[in-house]
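K.L.:
Show me the folded form of this:
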Amino acid sequence: MRIVCGFLPKKSKILALVIACTCGMSLILSGPAQANSIKDALAMAYEFNPTLKAERANLRAIDEGVPQALAGRRPTITGTADIGHQDLDIRSLTATGPSRSRFSLQPRGFTVTLSQPIFAGFTVLNNVRQAEALVKAGAQALKNTEQNTLFDAAQAYMDVVRDIAIIDLQRNNLRVLKEQLRATHDRFSVGEVTRTDVAQAEASVALAESGVSLANANLATSRAVYQQIIGQPPNGVRSPGSIEHMLPGDLNSAIAIGETEHPAILAASFSAEAANHQVNVTRGSLLPSVDLEASYTDRYDSSLTTTRSGTASVTGRLTVPLYQRGEVSSRIRQSRQTLSQRQFEVEQARYQVRAAVASAWNQLQSIKAQLQSNQAQVRANEVALNGVREEATVGQRTVLDVLDAEQELLNSRVTLITTNHDRVVASYAVLVAIGRLNNRRLALNVQEYNPEINYRNVRNRIFGIGIPLED
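P.N.:
Just a heads-up that it's a prediction; the model follows:
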């Protein structure tokens, strides 16, 4: 990262590789859809991540609860039609003797019925309010999924940046050790060092080869996770700039922002509001209801003497619940307990956000302090390695001392790369904890998904079953 570039000596060849890897040596991209910066990667995750797209579809399904609730205010119109066949065989006694008559009828007709609810114990009103609250809760849940997805994408991006830098360090270390092994063989051939020194150099080369293999495996894993979250393989990744300017100035401010803005708390609050409306919906079952029904029936060939008849009727119906076997009372108690549960979940969400903010904030401060220590350690190990090498040339140090010093420097540089990675990830973790890791604040180059569009389209829709194919 940038802070690494500012503190490490320029003359170290190995350090130059660290700087190149961690400060943005970008590869040429093979196409416009591939990411070369962390903002590109986050934008792609925002637009294409399947978990996020599934949550958007879930919210669109929740939107449909509002038109379903509004349907309780509207009339229903039904039509029925029937047709049949009747054979009549009539036998009777007359003054002239027995008689027999046969007739065939085809009774048929249709009925159109309109039913309009007038009053339903305020259940329609409360159903609508409950559905609207659930939509708001779903929108906040979507925001929470969005920021968690963006955090996962940022972490995956930084994992690739870290592992590329580490593998370059390990490869360069292997090259240096192989060169040192060759020099040790030459010195052994003239009697300057012992066979033990050669064996130690060979062991260091074997260890470095193992380190390269492990670094390759770690990078392959990071690349796979990157593609899973972002949808494209990494290409041309580079160390990002700091986002710490987007963070609050102190822990108390961060906690206050999290308690006010975090979508998990807001989602829990709207869920509690929906549960409160459900209590009122259930109570409405104890109130009278009023309905108006109008119908028209037209019949043909209903009897031998009637070729056609039409009937029109209008009926007002008052329904008063008198005794419901205790079922409604039980459902009211049940819904009130659910409301209590939702209210406790709001408090639990607040506690969780407070804890997450404090943990992320303190983790970031700890990493920043650790970074200074790592930088000092790298500088000290560089000085120590140079001194050990000079002492080894005059016989005051052994080959093993040089190898140990090189390993110490390698380890400290790997730790420094990891700490820089952790600092960026911790910054994003704080932004997630306070609920502000979103497309708008990051200014991503992607069109923002607006759930209000679908909600407005379906709220008062009374016909059609088509759904949008794209987000």
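K.L.:
Spell out the residue ranges of the helices in this structure.
P.N.:
2-7, 13-22, 38-48, 50-63, 65-70, 123-189, 195-230, 251-261, 263-283, 327-393, 399-433, 439-442, 451-459 (DSSP state H).
K.L.:
The third one - contacts with which helices or strands?
P.N.:
Packed against helix 38-48 by the contact rule (3 or more Cβ pairs under 8 Å, 6 or more residues apart in numbering; DSSP states H and E) you find helix 123-189, helix 195-230, helix 439-442. Any C-beta I mention is one placed from the backbone N, CA and C, and that applies to glycine too.
K.L.:
State the mean pLDDT of the longest one.
P.N.:
Which is helix 123-189. On average, the pLDDT along helix 123-189 is 93.
K.L.:
wait, doesn't Asp422 sit right on Ile367?
P.N.:
Yes - in this structure, Asp422 is within contact of Ile367 by Cβ atoms under 8 Å, at 5.0 Å.
K.L.:
Tell me which residue is most central in the protein.
P.N.:
Thr145 (2.9 Å; Cα atoms, centre = their mean).
K.L.:
and the closest residue to it other than its chain neighbours, what is it in contact with?
P.N.:
With Cβ to Cβ, 6 or more residues apart in numbering as the criterion, Thr145 has its nearest non-adjacent residue at 4.3 Å, and that residue is Glu55. Glu55 makes contact with Ala141, Leu142, Thr145, Glu146 under the criterion Cβ atoms under 8 Å, 6 or more residues apart in numbering.
K.L.:
Then Arg336?
P.N.:
Val279.
K.L.:
Give me the pLDDT for it.
P.N.:
96.
K.L.:
State the distance from it to Asn235.
P.N.:
As for Arg336, its distance to Asn235 is 56 Å (criterion: Cβ to Cβ, to the nearest Å).
K.L.:
which residue sits closest to Asn58 in space, ignoring its chain neighbours?
P.N.:
Asn58 sits nearest to Gly138 (Cβ to Cβ, 6+ apart), 7.0 Å away.
K.L.:
so where's the stretch 351-471 of the chain uncertain?
P.N.:
Along the stretch 351-471 of the chain, the model assigns pLDDT under 70 to residues 468-471.
K.L.:
sorry, back to before: got a pLDDT number for the residue nearest to Thr145?
P.N.:
At Glu55, pLDDT is 96.
K.L.:
What of Pro233?
P.N.:
For Pro233, the predicted pLDDT is 91.
K.L.:
If you tally nearby residues, what's the number for it?
P.N.:
13 (other Cβ atoms under 10 Å).
K.L.:
Could you check how far the closest residue to it other than its chain neighbours is from Thr221?
P.N.:
In space, and not counting its chain neighbours, Pro233 is closest to Gln227: 5.0 Å by Cβ to Cβ, 6+ apart. Distance, Gln227 to Thr221, by Cβ to Cβ: 11 Å.
K.L.:
number of nearby residues for Thr305?
P.N.:
5.
K.L.:
Could you do Ala215 as well?
P.N.:
Counted with other Cβ under 10 Å, Ala215 comes out at 20.
K.L.:
what does Leu339 give?
P.N.:
19.
K.L.:
follow-up on the earlier one: identify the residues contacting the residue nearest to the centre of the chain.
P.N.:
Thr51, Leu52, Glu55.
K.L.:
Contact partners for the nearest residue to Asn381 once chain neighbours are set aside?
P.N.:
Spatial nearest neighbour of Asn381, chain neighbours left out: Leu409 (4.1 Å); criterion: Cβ to Cβ, 6+ apart. Listed by Cβ under 8 Å, 6+ apart, the contact partners of Leu409 are Ile14, Val378, Asn381, Glu382, Ala384, Leu385.
K.L.:
I'd like to know how far Leu409 sits from Arg56.
P.N.:
Counting by Cβ to Cβ, the gap from Leu409 to Arg56 is 49 Å.
K.L.:
got it, and Arg331?
P.N.:
Distance from Arg331 to Arg56, by Cβ to Cβ: 33 Å.
K.L.:
repeat for Asn445
P.N.:
Taken as Cβ to Cβ, the span from Asn445 to Arg56 is 19 Å.
K.L.:
Tell me which of the two has more neighbours.
P.N.:
Arg56 (17 against 11).
K.L.:
what about Asn280, neighbour count?
P.N.:
18.
K.L.:
Nearest to Ala45, out of the contacts of Glu55: which one, please.
P.N.:
Glu146 (9.5 Å; Cβ to Cβ).
K.L.:
so that closest one sits right up against Lys53, yeah?
P.N.:
No - contact between Glu146 and Lys53 fails when scored by Cβ under 8 Å: they sit 10.9 Å apart.
K.L.:
neighbour-wise, which of these two wins?
P.N.:
Glu146 (23 against 15).
K.L.:
ok, that one - contacts?
P.N.:
Tyr46, Leu52, Glu55, Asn438, Asn439.
K.L.:
and if we set it to 10 Å?
P.N.:
By Cβ atoms under 10 Å, 6 or more residues apart in numbering, the contact set of Glu146 is 45-46, 49, 51-52, 55-56, 263, 437-439, 448-449.
K.L.:
Next: Ile83.
P.N.:
Gln106, Pro107, Arg108, Gly109, Phe110, Tyr300, Asp301.
K.L.:
returning to what we had before: what residues do Gln227 and Thr221 have in common as contacts?
P.N.:
Shared contacts of Gln227 and Thr221, counting by Cβ under 10 Å, 6+ apart, come down to Val160.
K.L.:
that older thread, so which of the helices of the chain is nearest Thr305?
P.N.:
Taking the helices of the chain one by one with Cβ to Cβ, helix 123-189 is closest: 46.6 Å.
K.L.:
Helix 327-393 and that closest one, what's the angle between them?
P.N.:
Going by axes from the mean of the first three to the mean of the last three Cα atoms, to 10 degrees, helix 123-189 is angled at 20 degrees with respect to helix 327-393.
K.L.:
one step back: quick one: which of the contacts of Ile83 is nearest Leu207?
P.N.:
After measuring the contacts of Ile83 against Leu207 - Cβ to Cβ - the closest member comes out as Phe110, at 90.3 Å.
K.L.:
re the thing from before, any chance of the contacts of Thr145 in JSON lines, plus distance to Gly258?
P.N.:
Formatted as JSON lines, the contacts of Thr145 follow (distance: Cβ to Cβ, whole Å):
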{"residue": "Thr51", "distance to Gly258": "23"}
{"residue": "Leu52", "distance to Gly258": "22"}
{"residue": "Glu55", "distance to Gly258": "21"}
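K.L.:
closest to Ser213 among those?
P.N.:
Nearest to Ser213 among the contacts of Thr145, with distances taken as Cβ to Cβ, is Thr51, at 32.4 Å.
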